[in-house]
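[1] Pasting the sequence and the predicted coordinates here, then a few questions.
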Amino acid sequence: MSRSLGQWGGLSRMPGWISQPQGRSPLNSCTETTPSLASYLATSRASSTCMWRTDRLWTSALTGTVRKENGVAHPCDCLVLVGTKDDPYTSRRGSAVSDAGAYRIEGLGTGVYVVDVEERISDVQAPVNHDAGEVEVNDVSIVFDIVIPASARLVGVVQSWGVPVEGAGVELSRTGPPHKIEYLTRSAFDGTFALGGLEPAEYLLRVQKQGYRPFESGADLRTSLAERMAIELAVEPD
């Protein structure tokens, strides 16, 4: 469910281009690659997302994959961001992650960069940020594979007698005391909701809206990292 280019505020979405060096570590790792000039020109000209600029010959690219701890390529809506170590925020640039989990950021000068992965969950939940560490970029292209923690996801729909319920509060808290609310969202106009970036655990799900009886149910996200629930709210009697 990758976003369009415009939705990322002009950041370039690169296709699933990635080199595959041998013996790569499953953890976040760097591998230097030095493509020939001919292959670089062929790649640049063939890519519809690249504009020809001679100064790109003197800068480097950061490329790689984003995967979860279980080794599965990340299928969700993610953005890889890099910024210089001295000024990691105002200097940031990035690339959307393809459906195959690949990313590519071009035009980087030499230096040490801070790398983050921003995971977009839904329109009503703040993005989840994953710290991917640091990488040193020199005058050759760098392959930097990113491993982010495995996280769970809970999606569903809230309805009453088959009619979607908009604006219902959806709360997740741990089953053990003190039952502190850890995740909170609201159902959309069509009754759907999504909570992502969840730590695998047992949760108590509570859904409520004025005029309806509260709904409570357990949600075990320890073994299944993706759960879908259909929630039926009963109208509060007058």
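    Sure, I can see it.
[2] C-terminal to the lowest-mean-pLDDT helix or strand in the chain, what's the next element?
    Every helix and strand of the chain was ranked by mean pLDDT, DSSP states H and E. The lowest is helix 37-46, at a mean of 41. Using DSSP states H and E, the helix or strand that follows helix 37-46 towards the C-terminus is strand 60-68.
[3] for that next one, packing partners?
    Applying 3 or more C-beta pairs under 8 Å, 6 or more residues apart in numbering; DSSP states H and E, one finds that strand 60-68 contacts strand 77-84, strand 102-108, strand 111-120, strand 128-137, strand 141-148. For every residue, glycine as well, the C-beta is placed using N, CA and C.
[4] Taking strand 111-120 as reference, get the angle to it.
    Interaxial angle, strand 60-68 versus strand 111-120 (axes from the mean of the first three to the mean of the last three C-alpha atoms, to 10 degrees): 40 degrees.
[5] hmm, who's touching strand 60-68?
    17-19, 73-74, 78, 80, 82, 97, 100-110, 113, 115, 117, 135, 137-151 (C-beta atoms under 8 Å, 6 or more residues apart in numbering).
[6] how is the chain carved up into domains?
    6-148, 152-232 (automatic domain parsing).
[7] The shortest one: end-to-end distance?
    End-to-end distance for domain 152-232, by C-alpha to C-alpha, to the nearest Å: 23 Å.
[8] quick one: pLDDT of residue 209?
    Note on residue 209: pLDDT of 95.
[9] Residue numbering should commence at 3 henceforth.
    Noted, 3 is the first residue going forward, which turns the last one into residue 211.
[10] Now do the SS call for residue 93.
    coil (DSSP: H, G, I helix; E, B strand; the rest coil).
[11] need the contact list for it.
    By C-beta under 8 Å, 6+ apart, residue 93 lies in contact with 85, 86.
[12] State the distance from it to residue 115.
    For residue 93, the distance to residue 115 (C-beta to C-beta, to the nearest Å) stands at 9 Å.
[13] Count residues in the vicinity of residue 207, would you?
    Close neighbours of residue 207, defined as other C-beta atoms under 10 Å, add up to 20.
[14] again with the one 5 residues further on
    Per other C-beta under 10 Å, the neighbour tally for residue 212 reads 8.
[15] and what of the one 4 residues further on?
    By the measure other C-beta under 10 Å, the count of residues near residue 216 is 14.
[16] ok, now how distant is it from residue 174?
    Taking C-beta to C-beta, one finds residue 216 at 14 Å from residue 174.
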